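Student: Structure for the following, please:
(one chain, ligands or ions: 1)
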Amino acid sequence: MSRRPLLAAAGAAFALAAALSGCGVLGIGEEPADLQIYTARHYDLEEAFGKFTDETGITVEFLSGDDAELLERLKAEGDDTPADVFMTVDAGNLWNAARQDQLATLDSPKLERSVPEDLRDPQSRWFGLAMRARTITYNPDNVDPSEFDTEETYAGLADPKWKGRLCMRDATASYTQSLVASLIDLHGREKALEIVEGWVANDVEIMSNDILLLEAIDAGACDVGINNHYYLARELAETPDLNVDLFWASQDGAGAHVNVSGAGVVKSSDNPEQAQQLLEWLADEGQNAFVDANHEYPVNPDVEPEPLIAEFGDFERMPLNAEAYGDLNAEAVDLLAEAGYE
Ligand SMILES: [Fe+2]
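Tutor: Numbering: from 1, shown residues only. So this is what the prediction gives:
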């Protein structure tokens, strides 16, 4: 097929990302960029991709949208898709795109070297590129960290001693759903249900976003929450005296829950070599440019995290099971409803 600008292909449901340095939104008659990226990652992409273009001369442009919408679009466009790279947040979404046969199998020793095994597809169709941890945050005036169960910290929040002290995210958040899917994967459905029922019995207060949750902890309205680490970093960058500390969950047990943003090369890409080159760059030379702006962890163990999150210290992670997060998503949603968690 011929390459065409995304603007012409974009439907009303999708917003085109703002013009990026060296790779802006195209007008009619202009040459399309070398790589077209469908992305559901809602963080700042400008710096990393501008740098990639500067270093390689390969231009990129974006179509931003919701994970499920972009995947449906890829499937509907089939062989005619202008997309070369599919980028999304949450390993379950990446696994879903691969399961629905939208991603190419890559042969890339560099990606295999750069991305730990549990953070990529066993069949090399997608690769995690930025890692986030979902762990415990607390108000140090109201909580002594020795109160936490160090073996099963998430489960431990079901203990009656936390009654009236908990704040968590809503059941519709993919962050909540993947955490619960990981608890089902780890403990089985019955125990996972008991855990969530315990949170509900403790009158957990449900918040609509992670920032509100941190502000409530800072204000003393909640003692303990579960947050993605980068929201705490973001708040601390603005308000260094924020009265919220981070606790690494389950360090004497299965480890802290993590998830990734990642990407794969679209199966019917017209430009698979350059698309693979982009993924390789993001996983190696471009790791800091890609992850630091959002205070995420590099997936590449040879790359240092940025100074603010480096202060959170080293931690053990629960091995990521993308297949489980994808497969168990519906069960997690169902379990949350059964437990009365809203
Ligand atoms: Fe987020």
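
Student: Just give me the longest strand of the protein.
Tutor: Longest strand of the chain, by residue count under DSSP state E: strand 127-138.

Student: those helices in the stretch 151-300 of the chain, which residues are they?
Tutor: 153-156, 174-187, 189-201, 210-218, 229-238, 272-283, 287-291 (DSSP state H, counting those that start in this stretch).

Student: just so I know, which of these lies nearest residue 130?
Tutor: helix 287-291 (4.4 Å; CB to CB). For glycine as for every other residue, the C-beta is placed from the backbone atoms N, C-alpha and C.

Student: List every C-alpha atom in that closest one, with coordinates, as CSV.
Tutor: Provided in CSV are the C-alpha atoms of helix 287-291 (Å, rounded to 0.1, in the frame of the first residue of the first chain):
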residue,chain,number,x,y,z
GLN,A,287,15.8,4.8,27.8
ASN,A,288,16.4,7.9,29.9
ALA,A,289,14.8,10.2,27.4
PHE,A,290,11.7,8.0,27.3
VAL,A,291,11.2,7.2,31.0
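
Student: quick one: average confidence on the longest strand of the chain?
Tutor: For strand 127-138, mean pLDDT is 98.

Student: how about the helices of the stretch 151-300 of the chain in a markdown table, adding mean pLDDT and distance to residue 94?
Tutor: Shown next, in a markdown table, are the helices of the stretch 151-300 of the chain (pLDDT from 0 to 100; distance: least, CB to CB, whole Å):
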| stretch | mean pLDDT | distance to residue 94 |
| --- | --- | --- |
| helix 153-156 | 98 | 23 |
| helix 174-187 | 96 | 12 |
| helix 189-201 | 98 | 23 |
| helix 210-218 | 98 | 21 |
| helix 229-238 | 97 | 19 |
| helix 272-283 | 98 | 12 |
| helix 287-291 | 96 | 16 |
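
Student: quick revisit: show me which positions of the longest strand of the chain end up buried.
Tutor: Judged by neighbour count using 16 or more other CB atoms under 10 Å, the buried positions of strand 127-138 are 127-138.

Student: related to what we said a few turns ago, out of the helices of the stretch 151-300 of the chain, which gets nearest to residue 80?
Tutor: Per CB to CB, nearest to residue 80 of the helices of the stretch 151-300 of the chain: helix 272-283, 15.9 Å.

Student: Which other helices and strands does that closest one contact?
Tutor: strand 35-39, helix 46-56, strand 85-89, helix 109-114, strand 127-138, strand 257-265 (3 or more CB pairs under 8 Å, 6 or more residues apart in numbering; DSSP states H and E).

Student: give me that answer again for 10 Å
Tutor: Contact here means 3 or more CB pairs under 10 Å, 6 or more residues apart in numbering; DSSP states H and E; on that basis helix 272-283 packs against strand 35-39, helix 46-56, strand 60-64, strand 85-89, helix 109-114, strand 127-138, strand 257-265, helix 287-291.

Student: any idea of the mean pLDDT in the helix or strand that the fourth one is followed by?
Tutor: The element immediately downstream of strand 85-89 (helix or strand, assigned by DSSP states H and E) is helix 91-99. Confidence over helix 91-99, taken as the mean pLDDT, stands at 94.

Student: in helix 91-99, what's buried?
Tutor: 91-98.

Student: Quick one: low-confidence residue ranges for this protein.
Tutor: Along the chain, segments meeting pLDDT under 70 span 1-29.

Student: on that earlier part again, nearest to residue 248 among the helices and strands packed on helix 272-283 would be which one?
Tutor: Closest among these, using CB to CB: strand 127-138, at 5.8 Å.

Student: mind saving the C-alpha coords of the closest one as CSV?
Tutor: The C-alpha atoms that make up strand 127-138 are tabulated as CSV, following Å, rounded to 0.1, in the frame of the first residue of the first chain:
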residue,chain,number,x,y,z
PHE,A,127,8.5,-5.3,24.7
GLY,A,128,8.1,-3.3,27.9
LEU,A,129,9.9,0.0,27.6
ALA,A,130,9.1,1.9,30.9
MET,A,131,8.2,0.4,34.2
ARG,A,132,6.0,1.7,37.0
ALA,A,133,5.4,0.2,40.4
ARG,A,134,2.0,0.3,42.2
THR,A,135,3.0,0.3,45.8
ILE,A,136,2.0,1.7,49.3
THR,A,137,2.0,5.4,50.1
TYR,A,138,1.3,6.7,53.7
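
Student: so how many other residues sit close to the residue nearest to residue 283 when sequence neighbours are not counted?
Tutor: Distance criterion CB to CB, 6 or more residues apart in numbering; nearest residue to residue 283, sequence neighbours excluded, is residue 114 at 3.9 Å. Around residue 114 there are 25 other residues, counting by other CB atoms under 10 Å.

Student: same thing with residue 51?
Tutor: Residue 51: 18 neighbours (other CB under 10 Å).

Student: Name the nearest residue to it, sequence neighbours excluded.
Tutor: residue 289 (4.9 Å).

Student: does the one you found really touch residue 49, like I thought?
Tutor: Yes. Using CB atoms under 10 Å, residue 289 is in contact with residue 49, at 8.6 Å.

Student: Which one of these two is surrounded by more residues?
Tutor: residue 49 (28 against 18).

Student: so what sits against both of residue 289 and residue 49?
Tutor: 281-282 (CB atoms under 10 Å, 6 or more residues apart in numbering).

Student: Restrict stretch 31-46 to CA atoms and write it as CSV.
Tutor: Output of stretch 31-46 as CSV, limited to C-alpha atoms (Å, rounded to 0.1, in the frame of the first residue of the first chain):
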residue,chain,number,x,y,z
GLU,A,31,5.3,13.9,2.9
PRO,A,32,4.2,11.5,5.7
ALA,A,33,6.8,10.8,8.4
ASP,A,34,8.8,7.6,8.2
LEU,A,35,7.1,6.0,11.1
GLN,A,36,3.5,6.2,12.2
ILE,A,37,2.9,5.4,15.9
TYR,A,38,-0.5,4.5,17.4
THR,A,39,-0.1,5.4,21.0
ALA,A,40,-2.3,5.1,24.1
ARG,A,41,0.5,6.4,26.3
HIS,A,42,-0.7,9.7,27.7
TYR,A,43,2.6,11.0,28.9
ASP,A,44,5.0,13.5,27.4
LEU,A,45,6.5,11.9,24.3
GLU,A,46,8.1,14.9,22.8
